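Colleague: Here is my input, please return the structure:
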Amino acid sequence: MSLSTDNMRVERASEAHRSGVTPTLDYASMPPLFVVADVVLILGLSILVDFLFSAQLSSGFEVTQPVGIGILAAVAFVLTTISRGLYKPWRMVRVVEEVRATMVNWTFAILVVATVIFCLKVAGSTSRVSTGAFAVLGFFALPAARWAMAVWLRRAIASGAVKGRATILVGDAGELAKVVPAHMLVRLGLNEVRRFSLSTPDGSAKELLSASDKDALKAALQFARQHRVEEIVLAMPWSDVDRLDAVRARLRSVPLPVKLLPDEIISELLDAPRVDFGSSIAIEVQRAPLSRFELAQKRLLDIAVASCAVLLLLPLFAIIATAIKLDSRGPVIFRQRRNGFGGREFTIYKFRSMTVMEDGTKVVQAQRNDKRVTRVGRFLRASSLDELPQVLNVLFGQMSIVGPRPHAIAHDDEYSKLISGYAFRHHVKPGITGWAQVQGFRGETAELEQMERRIEMDLWYINNWSVWIDIKIIMKTFLEVLRKEAY
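Modeller: From the prediction side, this is the model:
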């Protein structure tokens, strides 16, 4: 949510309160409400589908089977959604993320239902038609319901109908200015009733807290005692530990929880995933290699896309190979050593587009109007058709459809000395296309700054990988190829 949007929502909420609209829903009641809504929808959908098919087939309607299947699917779906934290209100308002996650969770729920039916050996007495229809309709009904829930929740928050825990904010003016009330409600379930600003320390003061700071803290304590304040939130720099301790000592006189918001520097770190680290919690500032489950997801996508590409493009492969042979001397396929996952070497395949077959300690990048590029090669490079044989590298497991583009070994050696973090590109398999390529960094990188920007994009992809990002990149690749030519 943007700052301007949040401010508009806060203003509308304030107007609703002034006009006499009293919040009727508690923030803490949102997750259970969403759970109940999902269970009712799934169970109702199962019963409705079975009833309609029974009526259509003029067979007797027996409620036991659809109820059993509905309960099993609902339990699997709800438990998966809870485990991923997707019932939290601050996640619920993210419509696109919620819809995607709903489809994944529903797929898992249907697999659970199918597995249980198979293991209990009740497939013969289970209607395959109604169960299949129930599974298919769920892919439409659940995302639609999740979208409706997100829209409703956004409007309820904007109108002031959702009530959070009454909270006062205390902190430095600079940090308080970055705290948006709407974010407090949506992300933390807190309803800001008032804020108290402390002075900004200039380093010359003898005491940690100035007279104005003490007055502000006294006023905050008095306000907390006189009103039904449930929580105190601090917005202060984490680096000033002594001053922070002095503020905390003053606030101990009230029996209320006191929480410290992350400052500007810490907020950037907290964007990274939090992981268990022994008995403590750590911030994952560099992502570990993909887990076995994630690797399996990515491999399945690679095999599916590469297999379809080979089957559909075989006639085009033959046409391109013939054109290359008729245009210039040399092999149809260009081979070159590249570094892959973990820095391991492999041989990459491309349609030959140049008169040279460089693969040594010095490899010169193709440039605009490069005389080494053949007539057919110029078209292949502009349309990126020269990259198509790399689907074989994908099927062999050496590359992925999406990943950082592999560079010639000579370029790897050169850039690894010039660009920090370059070697981290080998944390995943190289790809035929990548995040950098769909962001416009495709083709020649004549300047070091261009390569640095491309590497930055590659590192972002590695640290934020998901199947949905891969699918998005695949779709955007087609548009990028049409929009911009390489050479």
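Colleague: Val36 - how many residues pack around it?
Modeller: When neighbours are defined as other Cβ atoms under 10 Å, Val36 has 11 of them. Using the backbone N, CA and C atoms, a C-beta is placed for each residue, glycine as well.
Colleague: Now do the helix or strand hosting it: which elements does it pack against?
Modeller: Assessed by DSSP states H and E, Val36 sits inside helix 30-56. Counting by 3 or more Cβ pairs under 8 Å, 6 or more residues apart in numbering; DSSP states H and E, the packing neighbours recorded for helix 30-56 are helix 64-83, helix 89-92, helix 128-159.
Colleague: quick one, which of those helices is nearest to Leu234?
Modeller: Among the helices and strands packed on helix 30-56, helix 89-92 comes nearest to Leu234, with 20.1 Å by Cβ to Cβ.
Colleague: Could you check how sure the model is about the helix or strand following that closest one, as an average pLDDT?
Modeller: Next along the chain after helix 89-92, taking DSSP H and E as the criterion, comes helix 95-119. With pLDDT averaged residue by residue, helix 95-119 scores 85.
Colleague: counting contacts, what elements does helix 95-119 pack onto?
Modeller: Other helices and strands packing on helix 95-119, by 3+ Cβ pairs under 8 Å, 6+ apart, are helix 64-83, helix 89-92, helix 128-159.
Colleague: Need the ones you listed in a markdown table (columns: distance to Met451 and mean neighbour count).
Modeller: Rendered in a markdown table, the data for the helices and strands packed on helix 95-119 read as follows (distance: least, Cβ to Cβ, whole Å; neighbours: other Cβ atoms under 10 Å):
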| stretch | distance to Met451 | mean neighbour count |
| --- | --- | --- |
| helix 64-83 | 41 | 18 |
| helix 89-92 | 37 | 19 |
| helix 128-159 | 40 | 17 |
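Colleague: Mind telling me which of those the model trusts least?
Modeller: Confidence, taken as mean pLDDT, is least for helix 89-92 of these (a mean of 81).
Colleague: Name the surrounding residues that touch it.
Modeller: With Cβ atoms under 8 Å, 6 or more residues apart in numbering as the contact definition, helix 89-92 has outside contacts at 27, 30-31, 34, 85-86, 97-98, 146, 149-150, 153, 162, 186-189.
Colleague: Put the buried members of those residues into a ChimeraX selection.
Modeller: In ChimeraX, a selection of the buried entries from the contacts of helix 89-92 looks like this (16 or more other Cβ atoms under 10 Å):
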select :27,30,31,34,86,98,146,149,150,153,162,186,188,189
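Colleague: care to break this protein down by domain?
Modeller: 3-15+28-159, 164-271, 292-483 (automatic domain parsing).
Colleague: Which of these sits closest to Ala282?
Modeller: Evaluated with Cβ to Cβ, the domains of the chain place domain 164-271 nearest to Ala282, the distance being 10.5 Å.
Colleague: from the chain's centre, how far out does that closest one sit?
Modeller: 31 Å (Cα atoms, centre = their mean, to the nearest Å).
Colleague: Over to stretch 293-307?
Modeller: Between the mean C-alpha point of stretch 293-307 and the mean C-alpha point of its chain there is a distance of 18 Å (Cα atoms, centre = their mean).
Colleague: same question, stretch 418-432
Modeller: A distance of 20 Å separates the C-alpha centroid of stretch 418-432 from that of its chain, computed with Cα atoms, centre = their mean.
Colleague: ok, residues contacting it?
Modeller: 286-287, 289-290, 338-343, 387, 390-391, 394, 398-406, 412, 415-416, 448, 451-452, 455, 458-459, 462, 465.
Colleague: do stretch 460-469 as well
Modeller: The list of residues contacting stretch 460-469 from outside it, by Cβ under 8 Å, 6+ apart, reads 100, 272, 286-287, 290, 294, 297-298, 301, 402-404, 424-425, 427-428, 434-436.
Colleague: Show me which of those are buried.
Modeller: When burial is judged by neighbour count using 16+ other Cβ under 10 Å, the buried members of the contacts of stretch 460-469 are 100, 287, 290, 297-298, 301, 402-404, 424-425, 427-428, 434-436.
Colleague: follow-up on the earlier one: format the domains of the chain as CSV; extra columns: distance to Ala282.
Modeller: As requested, the domains of the chain are arranged in CSV below (distance: least, Cβ to Cβ, whole Å):
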stretch, distance to Ala282
domain 3-15+28-159, 18
domain 164-271, 11
domain 292-483, 15
